[in-house]
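Trainee: build me a structure from this.
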Amino acid sequence: MDALIAAAKQEGKLNLMGLPRDWAGYGALIDGFEKKYGIDVRDENPWWATVSDQINGVKNRKGQANALDVIGADDASMRAAARQHLLAPYRVAAYNVIPNNQKDPNARWANSYGGYISIGCDAARVEECPRTFADLLKPRYKGKVSVTDPTGYVPGFATVYAAALANNGSFDDINPGIDFFAKLKKIGNDNPIPLSVATIENGQTPISIGFDFTNLTYTGDLRSKGVKWRVSIPFDGSFAQYYAEGINRDAPHPAAARLWLEWLLSPEGQNLRLDGYARPVLMDVMEKNGTLDKVAASKLPIVEGTPEFPTDAQLEKARAAIIRDWLKTVGG
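Mentor: The predicted structure is shown next:
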């Protein structure tokens, strides 16, 4: 570890992409890494970036100083990147205690954090906040429900999967989720206005479906502005999504890239995830060994059971259905 830290400090830089500071604790993680190791983190497009943007930042910049050092995405996309031989094997110190279904057996990627699909609601503007997908169809929510586009963004895709599970669908059949949102739009309950802290504050987007760590961040951001943002996980459609990181096999700063993964999967880094309301992949391990920030953990919504995840084949089938059916069934 000492040798890795020395090599990373000598490189002095780390190239990342698409890590909003208010997303899953990334602001504190980047600041903490820079302060602890004296390494300059360059986050290109810090507001957001798609998986394709990151893949292009690896493929199209091979051998260049501005190539990405680390890719971060949902685990299905990381498996695809591994199949394209874009990722370097690296076993972080915590590799053996990461759950087997949350890591690559060849150590080319590992999940770091995740969250559950949730419903956020402005309790000051909505008389009775919805708590389930079934609730969202009630007439009282006409024009109030905001959803992220599922054709290009993981939170939107996960939302449709959750809606499918709430409406007799399965990991093998996401179409009931598509049909649910077609019905939501048909009865006029959908809200086409893009969601942001500003639109919540001014009352334009009073109900939002998204990851619990995003909705919970809104709670903290808006509390001082008098907005009573409430968050619940719909028990009729419980769906978890985790995010992974992997090292570019041709990273311009290979030591810094490896040290970044060590930082993310260290107790300090995992607790910073908790501070950002995300669920650390090592949460159960840290709870048992006494390193978990219990105060931060107590702020998360209670979820029963162990999260289950679709297979690659199920995900590919679901994505194909979204691409094929969303626009013609639900519309833009």
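
Trainee: residue ranges of each domain in this protein, please.
Mentor: Annotated domains of the chain cover 2-114+241-297, 115-239+309-329 [automatic domain parsing].

Trainee: let's have those in TSV, adding mean pLDDT, distance to residue 303 and mean neighbour count.
Mentor: The C-beta positions use only the backbone N, C-alpha and C, and glycine is treated the same way. Shown next, in TSV, are those (pLDDT from 0 to 100; distance: least, C-beta to C-beta, whole Å; neighbours: other C-beta atoms under 10 Å):
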stretch	mean pLDDT	distance to residue 303	mean neighbour count
domain 2-114+241-297	96	9	19
domain 115-239+309-329	94	6	18
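
Trainee: now the phi/psi pair for residue 73, please.
Mentor: In terms of degrees, to the nearest 10, the main-chain angles of residue 73 are phi -160, psi 180.

Trainee: residues touching it, list them.
Mentor: 51, 54, 81, 154, 243, 244 (C-beta atoms under 8 Å, 6 or more residues apart in numbering).

Trainee: same question, residue 34
Mentor: 40, 41.

Trainee: so how far does stretch 105-114 reach from one end to the other?
Mentor: Start and end residues of stretch 105-114 are separated by 19 Å (C-alpha to C-alpha, to the nearest Å).

Trainee: what is whichever helix or strand residue 198 is part of packed up against?
Mentor: For residue 198, the element it lies in under DSSP states H and E is helix 197-201. Contacts defined by 3 or more C-beta pairs under 8 Å, 6 or more residues apart in numbering; DSSP states H and E place helix 197-201 against helix 212-223.

Trainee: show the subsequent helix or strand relative to the helix it packs on.
Mentor: strand 229-232.

Trainee: what's the distance between the helix or strand following that next one and the middle of its chain?
Mentor: Sequence-wise, the next helix or strand downstream of strand 229-232 (DSSP H and E) is strand 240-248. Relative to its chain's centre, strand 240-248 lies at 9 Å (C-alpha atoms, centre = their mean, to the nearest Å).

Trainee: pull strand 240-248 out as PDB, backbone CA atoms only.
Mentor: Taking Å, rounded to 0.1, in the frame of the first residue of the first chain, the C-alpha atoms of strand 240-248 are listed here in PDB:
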ATOM      1  CA  ALA A 240     -32.100  -2.000  -6.000                       C
ATOM      2  CA  GLN A 241     -29.400  -0.900  -8.400                       C
ATOM      3  CA  TYR A 242     -25.700  -0.800  -7.600                       C
ATOM      4  CA  TYR A 243     -22.800   1.000  -9.300                       C
ATOM      5  CA  ALA A 244     -19.300  -0.300 -10.000                       C
ATOM      6  CA  GLU A 245     -15.900   1.000 -10.900                       C
ATOM      7  CA  GLY A 246     -13.200  -0.500 -13.000                       C
ATOM      8  CA  ILE A 247      -9.700   0.600 -14.100                       C
ATOM      9  CA  ASN A 248      -8.900   1.500 -17.700                       C
END
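
Trainee: and that strand, what does it pack onto?
Mentor: strand 70-74, helix 75-83, strand 87-88, strand 110-122, helix 154-165, helix 254-264.

Trainee: what's the closest of the ones you listed to residue 312?
Mentor: Nearest to residue 312 among the helices and strands packed on strand 240-248 is helix 75-83 (6.0 Å), distances taken as C-beta to C-beta.

Trainee: list the contacts of that closest one.
Mentor: With C-beta under 8 Å, 6+ apart, helix 75-83 has contacts from 51, 55, 58, 71, 73, 87, 102, 104, 106, 108-109, 111, 242-246, 309-310, 312, 315.

Trainee: for the helix ranked longest in the chain, which helices and strands make contact with it?
Mentor: Using DSSP state H to define each element, the chain has its longest helix at helix 312-329. Applying 3+ C-beta pairs under 8 Å, 6+ apart, one finds that helix 312-329 makes contact with helix 75-83, helix 154-165, helix 175-186.
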